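**Student:** could you work out the structure for the sequence below:
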Amino acid sequence: MDFLNRHSELSRLKKNCSRTTASLSIVYGRRRIGKSRLIKEVLKEKGIYFMADQSEAVRQIELFAKQIALQINGFDKVVYPNWEALFDSLNYRVKKGTTICIDEFPYLIKSTPALPSILQRIWDNKQQLHYHLILCGSSQQLMHSLVFNAAAPLYGRANEIMKIEPISVYYLQKALNTSAIQTIIEYSIWGGIPRYWELRLTEKDLLSAIHHHVFSSQGILYNEPVHLFLDDMRDTVHSFTLLSLIATGCNRLSEIAARIEKPATHLSAPLNKLIQLGYLQREIPFGENEKNSKRSLYKINDSFLDFYFQFIVPHRSLIAIEKKDILTKLFNDKLPQYVSAHWEKICRQSVALLKINQLQFQPASRYWGTTLTGSQIELDIVALSTNNKYLLVGECKWNEKAINENELMNKLKAKAASLPFAKDKEIIPALFLKTTKNKSLEQVYTPQNIIDLWS
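**Tutor:** The predicted structure is shown next:
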């Protein structure tokens, strides 16, 4: 697959590695998100790339020396007793301005806990250094604390700190060359993780890719959550349990606590950790204070993990005995409802990119609560304009049934007028539909409209 997006990240890293003095870059993000591919793009012209593993320090030093020797002849002919000796020798022999990347840096820390302190001493004399250094890792928690924890040795020393985020739906359409509707379906499953896109491209269609990579105990993604959790957690079972419950509709803290028979106060830390890692999100109704709201709902934030815990975990027995026909029927039956929830989420995330009559909007939320008359109401999308004068209210639909769009728009306007926070705001109603036949109706958005917003 071609190198997609990451233009800003690539530009920043290249700029940092072209400084006249030594620079330190920290790159981190979840597994398979494209960190290594990004760095290899940076190192295309010149540089030394080393992928760490989980072997002992002596072996790691030996392997690193061998990698350096590919550019510095004979560098591996010397036995380096420790990391300081290797870095001292490297600085003496490397060509000035060379970029060196250590990928999966947390593995080196595991075998040599003092390594960040060693690099601190080296970097405190960076005016004497001849190379730029990129430290990269999938352990988000460790890499984050490496540079943001005030007590950490490398705190305040990095010139560039970059968390790599998922790629937008626009680039998935470019990668797969699919219709807008099919792209939304695919993105609901693979999300913005480039490695998953590459695996999808190895098969002729979506269903074939699902069967080969996920609906098989031999599939490369069959145990994907375990690998993800191991990077940042000691207790993967607890995280697995929490996400399994949330995927089945157990979304309130009290419900989760009751199901696992633990006090709700014991769940704050593990839930917050999953949120920080990007695997979970805490959703509150529009207009409520995030710190004080007691109406939180917990939802899986990562598309593939959501798919995994809804489609794979409940059907492991069927996968084990290779009941392909039954699995296919379950997949086809449940997919429309599953994609509908993700279509709603994609539309909500896209609102901040919308421009309506030169207006722009703040991040959108869902709303569930009471109207001015006290009746219950739910809205898929509510967003305030950046000038606080307009309120965008949206409804999302993902089905093939004929929809009377004028009627739907009128009902939406009526709902919006009953909102307790709509006073003194001008309402802008919007429909987000799988398909539309009414070309004259304003503020109607289809999959291609939404995808194009992310270009």
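**Student:** CA only for contacts and neighbour counts going forward, please
**Tutor:** Noted.
**Student:** isn't Trp343 right next to Ile381, touching?
**Tutor:** No. With contact defined as CA atoms under 8 Å, Trp343 does not reach Ile381; the gap is 11.7 Å.
**Student:** list residues touching both of those two?
**Tutor:** Cys396 (CA atoms under 8 Å, 6 or more residues apart in numbering).
**Student:** hang on, Ile134 is in a strand, isn't it?
**Tutor:** Yes. The assignment for Ile134 is a strand, going by DSSP: H, G, I helix; E, B strand; the rest coil.
**Student:** so what's the residue count around it?
**Tutor:** 23 (other CA atoms under 10 Å).
**Student:** please apply the same query to the one 5 residues further on.
**Tutor:** Ser139 has 23 neighbouring residues, counting by other CA under 10 Å.
**Student:** pretty sure it contacts Tyr28?
**Tutor:** Yes. With contact defined as CA under 8 Å, Ser139 counts as touching Tyr28 (7.4 Å).
**Student:** and for the two, which residues touch both?
**Tutor:** With CA under 8 Å, 6+ apart as the test, Ser139 and Tyr28 reach no residue in common.
**Student:** got the domain boundaries for the protein?
**Tutor:** Following automatic domain parsing, one gets these domains for the chain: 7-163, 170-345, 350-453.
**Student:** between the two ends of the second one, how far is it?
**Tutor:** Start and end residues of domain 170-345 are separated by 15 Å (CA to CA, to the nearest Å).
**Student:** residues in a beta bridge with Asp98, which ones?
**Tutor:** Residue 98: Thr, not Asp. Per DSSP bridges, the residues bridged to Thr98 are Tyr131.
**Student:** from Ser340, how far off is it?
**Tutor:** 49 Å.
**Student:** can you tell me which residues contact the most centrally placed residue in the chain?
**Tutor:** By CA atoms, centre = their mean, the chain has its centre lying nearest to Pro166, at 4.2 Å. Pro166 sits next to 33, 191-194 when contact means CA under 8 Å, 6+ apart.
**Student:** what ranges do the helices span in the stretch 151-300 of the chain?
**Tutor:** 169-176, 180-190, 194-200, 206-213, 224-230, 236-247, 253-260, 268-276 (DSSP state H, counting those that start in this stretch).
**Student:** would you mind finding the most buried of those helices?
**Tutor:** Ranked by mean neighbour count, the helices of the stretch 151-300 of the chain are led by helix 180-190 with a mean of 21 (mean count of other CA atoms under 10 Å).
**Student:** and that one, how far out from the chain's middle?
**Tutor:** 16 Å (CA atoms, centre = their mean, to the nearest Å).
**Student:** do the same with stretch 40-59
**Tutor:** Relative to the centre of its chain, stretch 40-59 is centred 24 Å away, using CA atoms, centre = their mean.
**Student:** hang on, isn't Glu378 packed against Val393?
**Tutor:** No. Judged on CA under 8 Å, Glu378 makes no contact with Val393 at a distance of 10.9 Å.
**Student:** with neighbour numbers in mind, choose between the two.
**Tutor:** Neighbour count, other CA under 10 Å: between Glu378 and Val393, Val393 has more, with 24 against 14.
**Student:** would you confirm that that one belongs to a strand?
**Tutor:** Yes. Assessed by three-state DSSP, Val393 belongs to a strand.
**Student:** for the residue nearest to Leu359 when sequence neighbours are not counted, list each beta-bridge partner.
**Tutor:** In this structure, Leu359 finds its nearest non-sequential neighbour in Ser385, 6.7 Å apart by CA to CA, 6 or more residues apart in numbering. Beta-bridge partners for Ser385, by DSSP bridges, are Phe361.
**Student:** could you pull up the residues touching Ser385?
**Tutor:** Residues near Ser385 by CA under 8 Å, 6+ apart: 359-362, 391-392.
**Student:** still on that earlier bit, do you know which of the helices of the stretch 151-300 of the chain lies nearest Ser296?
**Tutor:** Closest to Ser296 of those is helix 253-260 (CA to CA; 7.6 Å).
**Student:** and the closest one, how far out from the chain middle?
**Tutor:** That offset, for helix 253-260, works out to 26 Å (CA atoms, centre = their mean).
**Student:** check which helices and strands that helix is in contact with.
**Tutor:** Helices and strands touching helix 253-260, by 3 or more CA pairs under 8 Å, 6 or more residues apart in numbering; DSSP states H and E, are helix 236-247.
**Student:** 10 Å - rerun?
**Tutor:** helix 236-247, strand 297-300 (3 or more CA pairs under 10 Å, 6 or more residues apart in numbering; DSSP states H and E).
**Student:** switch these over to a markdown table; also include mean pLDDT.
**Tutor:** Below are those laid out as a markdown table (pLDDT from 0 to 100):
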| stretch | mean pLDDT |
| --- | --- |
| helix 236-247 | 93 |
| strand 297-300 | 97 |
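**Student:** assign a three-state SS to Cys101, would you?
**Tutor:** At Cys101 the chain is in strand, as set by three-state DSSP.
**Student:** in the protein, which ranges drop under the pLDDT threshold?
**Tutor:** Where the chain drops to pLDDT under 70, the residues are 1-2, 45.
**Student:** re earlier: quickly list what's touching both of Glu378 and Val393.
**Tutor:** Listed as contacting both Glu378 and Val393 by CA atoms under 10 Å, 6 or more residues apart in numbering are 366-367, 415.
**Student:** which members of those are positioned in strands?
**Tutor:** Using DSSP state E, the members of the shared contacts of Glu378 and Val393 that fall within strands are 366-367.
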